[in-house]
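J.: Based on what follows, work out the 3D shape:
(chains A and B)
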2 protein chains.
Amino acid sequence: MGFERRMGGKMKKLKIALFQYPDYKIPASGYGPKQLIIELLARGFHKRGHKVSTFATADSQLPGEIIKISPKGINEGLNDNPEIQPDIERIYRSLAIGELIRRSSDFDIIHNHAGFTLLPVVQVLKSKVFHTLHGTYTNKHYRRIFKQYAQNGYYVPISNAQAKTLPPKVNCTEVIYHGIRINDFNFNSQPLEKTLLFLGRLAKIKGVHTAIRVAKQTGYKLIIAGPIDIARRGGKEYFAKEIKPHIDGKKIIYVGEVNHSQKKKLLRKSQALLFPVEWEEAFGLVMIEAMACGTPVIAYDCGSPAEIITDSLTGYICPKGDLEAMIEAVLKIDQIDRAVCRKAAEERFSDEKMVDNYLKLFMEKNEKNSKI
Amino acid sequence: MGFERRMGGKMKKLKIALFQYPDYKIPASGYGPKQLIIELLARGFHKRGHKVSTFATADSQLPGEIIKISPKGINEGLNDNPEIQPDIERIYRSLAIGELIRRSSDFDIIHNHAGFTLLPVVQVLKSKVFHTLHGTYTNKHYRRIFKQYAQNGYYVPISNAQAKTLPPKVNCTEVIYHGIRINDFNFNSQPLEKTLLFLGRLAKIKGVHTAIRVAKQTGYKLIIAGPIDIARRGGKEYFAKEIKPHIDGKKIIYVGEVNHSQKKKLLRKSQALLFPVEWEEAFGLVMIEAMACGTPVIAYDCGSPAEIITDSLTGYICPKGDLEAMIEAVLKIDQIDRAVCRKAAEERFSDEKMVDNYLKLFMEKNEKNSKI
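T.: Numbering: from 1, shown residues only, chains lettered A, B, ... in the order given. The predicted structure follows:
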């Protein structure tokens, strides 16, 4: 809590709302990087004595207040009627927005994790609003809404790469990187030999097909973990055509979606995490989770990886789309010191550091009376 | 304009916003019953001298002001990137909400056609809000949002059947039936012999499979027209399994989605419209379009049909799910006087009547100063 000490221990206590849509409960039982960050922030703000209110499912478990929006997660079997499925998301998102409007004057700070759909509502909220965006928004349709509401709240980029993708007039703050509970991940200096890992949503833009090619050409074993991307158009077909035919259960292994403890085990035992993304990755939480286990990351230079991974020190950054470079990187993976990876994670990507950075930002902006 | 005359010609001119999401342009080129009602209301309000502002696509054509939310319809090829398709709806719905909040004090009346997603926002709008709901909302998830926002605006039911499905505390007004431009439909006393029509979204709850059974068992020809329900889960499979195998191009004919003039032609030439719905139909615009052509309607008693069709006079109302009754009805369709159908449409379901009813309601509530 270095920041608080610097403030002379006289830190004002804030009333902070963490806003999101109740897609999954918190802590998430399976896939849910956004839910993990929200959980760590809620715990961190609470631990430092601030009043935290989190918009969440009724079955979430978090310190502070839970503002219950839905009985369970929108994507966790809340509804059993396929005919009305598209409306389920609409109903509970609307209910969340309504409750935020109603409660808005109860908070000093609204920390938005629901992305661009909240932007038009900011004009009627009575607190300072900070947006932590979890995606990349280069498409012209996104730019239309960000441009229109560029000054409605503070935008906190999660990487310089993400900041670059936002329209120029957006009211950006300094970058705050995501953090994780480093000690939740055990360092491992002795991974399984010749074992690579792909971990994430099984979508084309995440490059699962590239990971498969790299494994085949290096003779390494590849473990693939993550949910099939059924929500997006083309996701099922991608899995069926580009991934499934290569799974042999020996060299190319698919273990399905994994929970947090399975994920840690997979990260720990791998020699490297492959991150061959084809889009401007905004952050990529799995990279710092790998580092915390001592596992280096081999990534394409596309979005945030070059900020998170130090080339030749905590992994390798390969030119975008350069398969040969990625293969070479695998073949020299032994040159990376796993202890250095762990140390980098501790110093740069701890939850404590993330929480302190947000609180510092909130305090600074809260002292200025100008409502933005 | 009977109502205005009764008011002594001294009708105050209102500033009316017609609010909807820009799913399709107006007038709609294909399927779009909601867009048709909004078009008729915009034209009707404008014709009577009120200031109308319609939230719509930029390529819509309507009298009064068009508040342009998207370049074209969300469902009309606005986006060419499947990866972000779910966000396209979210972006443009959010932009519409933002613009409504921003402009809200410009209007006396906001007439909401966007359904329940607007409810939580009503608390910050500065005009009187009237909700015309276009669906049926019996599922418990819908009830949750309607119950919470039961007093946020006036709910105008489009049928007594729909009114019954709303939670008890909802602030309901009298029923206002939909209306159409009757003279846009040509009366036809001589339809093609032994020809039945199914016209609507090809979904299970609309009963296309029942229409097929009725046609097969009576020996009538059946023409099926309407879009395959690809947006909903199970919609494609329903078409593939329950409809497609029966299409032979002779007795069971599928003509695809139709535009307005094709629709009128099909309605006119049929001996009866089949309406074998399996859900609580809130209104069913196609029934009054059929009547305007002189075409009787054979419907299951499920939701609104029994209010719109007078049994044995403008069609037949069969007990819900009673296939035999529907077959019998087809066999005695000659007993219905098509001129009576036309006359009923003229008297009960004209756009003029609908427009006057809404204006009467708006004026009444607008005179009371209480904001609701």
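
J.: okay, CA-based contacts and neighbour counts for the rest of this
T.: Fine.

J.: and the residue in the stretch 251-372 of chain A that chain B sits nearest to, what element?
T.: Residue nearest to chain B within the stretch 251-372 of chain A: residue A:279 (11.2 Å; C-alpha to the nearest C-alpha). Using DSSP states H and E, residue A:279 sits within no helix or strand.

J.: same question, residue A:364
T.: Going by DSSP H and E, residue A:364 is part of helix A:351-367.

J.: surely residue A:107 meets residue A:19?
T.: No. Contact between residue A:107 and residue A:19 fails when scored by C-alpha atoms under 8 Å: they sit 11.4 Å apart.

J.: who are the neighbours in contact with residue A:343?
T.: Applying C-alpha atoms under 8 Å, 6 or more residues apart in numbering or on different chains to residue A:343 gives the contacts residue A:292.

J.: So what's the model's average confidence on the host helix or strand of it?
T.: Taking DSSP H and E as the criterion, residue A:343 maps to helix A:338-348. In this model, helix A:338-348 has a mean pLDDT of 98.

J.: So for residue A:107 and residue A:19, which sits in the more crowded spot?
T.: Taking other C-alpha atoms under 10 Å in any protein chain shown, residue A:107 and residue A:19 do not tie; residue A:19 has more neighbours (23 against 20).

J.: So what pairs up with that one in the strands?
T.: Beta-bridge partners for residue A:19, by DSSP bridges, are residue A:112.

J.: pLDDT at it, what is it?
T.: 98.

J.: And residue A:164, by the same measure?
T.: For residue A:164, the pLDDT comes out at 92.

J.: How many neighbouring residues does it have?
T.: Other residues close to residue A:164 by other C-alpha under 10 Å number 14.

J.: How about the one 4 residues further on?
T.: Counted with other C-alpha under 10 Å, the burial measure for residue A:168 works out to 12 neighbours.

J.: That one: what's it in contact with?
T.: Residue A:168 neighbours (C-alpha under 8 Å, 6+ apart): none.

J.: In this structure residue A:52 contacts residue A:17, no?
T.: Yes. Between residue A:52 and residue A:17 a contact is recorded at 5.9 Å, counting by C-alpha under 8 Å.

J.: the more surrounded of those two?
T.: Counted by other C-alpha under 10 Å, residue A:52 and residue A:17 do not tie: residue A:17 has more neighbours, with 27 against 24.

J.: helices or strands up against the helix or strand containing that one?
T.: For residue A:17, the host element (DSSP H and E) is strand A:15-19. Using 3 or more C-alpha pairs under 8 Å, 6 or more residues apart in numbering or on different chains; DSSP states H and E, the elements in contact with strand A:15-19 are strand A:51-57, strand A:109-112.

J.: Dump the ones you listed into CSV; add distance to residue B:264 as well.
T.: Output for these, formatted as CSV (distance: least, C-alpha to C-alpha, whole Å):
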stretch, distance to residue B:264
strand A:51-57, 48
strand A:109-112, 50
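
J.: Same list (the ones you listed) but as CSV, adding distance to residue B:288 and mean pLDDT.
T.: Rendered in CSV, the data for the helices and strands packed on strand A:15-19 read as follows (distance: least, C-alpha to C-alpha, whole Å; pLDDT from 0 to 100):
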stretch, distance to residue B:288, mean pLDDT
strand A:51-57, 44, 98
strand A:109-112, 47, 98
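
J.: one step back: how far off helix A:351-367 does the helix holding residue A:343 point, in degrees?
T.: If you take axes from the mean of the first three to the mean of the last three C-alpha atoms, to 10 degrees, helix A:338-348 sits at 20 degrees to helix A:351-367.

J.: how about stretch A:91-99, does it reach chain B?
T.: Yes. Using C-alpha under 8 Å from any C-alpha of the partner chain, stretch A:91-99 reaches chain B at A:91, A:94, A:95, A:97, A:98, A:99.

J.: average model confidence for that stretch?
T.: Averaged over stretch A:91-99, pLDDT sits at 98.

J.: Export that stretch to PDB, keeping only CA atoms.
T.: Extracted in PDB, the C-alpha atoms of stretch A:91-99 (Å, rounded to 0.1, in the frame of the first residue of the first chain):
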ATOM      1  CA  ILE A  91     -33.700  -7.600 -19.900                       C
ATOM      2  CA  TYR A  92     -30.900  -8.000 -17.400                       C
ATOM      3  CA  ARG A  93     -28.700  -5.400 -19.000                       C
ATOM      4  CA  SER A  94     -31.600  -3.000 -18.900                       C
ATOM      5  CA  LEU A  95     -32.200  -3.800 -15.200                       C
ATOM      6  CA  ALA A  96     -28.600  -3.100 -14.400                       C
ATOM      7  CA  ILE A  97     -28.700   0.200 -16.200                       C
ATOM      8  CA  GLY A  98     -31.900   1.200 -14.400                       C
ATOM      9  CA  GLU A  99     -30.400   0.400 -11.000                       C
END
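
J.: just how off-centre is it within its chain?
T.: On the basis of C-alpha atoms, centre = their mean, to the nearest Å, stretch A:91-99 sits 23 Å off its chain's mean C-alpha point.

J.: buried residues in that stretch?
T.: A:91, A:92, A:93, A:94, A:95, A:96, A:97, A:98, A:99 (16 or more other C-alpha atoms under 10 Å in any protein chain shown).

J.: Please convert those residues to a markdown table, extending it with secondary structure.
T.: Below are the buried residues of stretch A:91-99 laid out as a markdown table (DSSP: H, G, I helix; E, B strand; the rest coil):
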| residue | secondary structure |
| --- | --- |
| A:91 | helix |
| A:92 | helix |
| A:93 | helix |
| A:94 | helix |
| A:95 | helix |
| A:96 | helix |
| A:97 | helix |
| A:98 | helix |
| A:99 | helix |
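
J.: No more questions from me, cheers.
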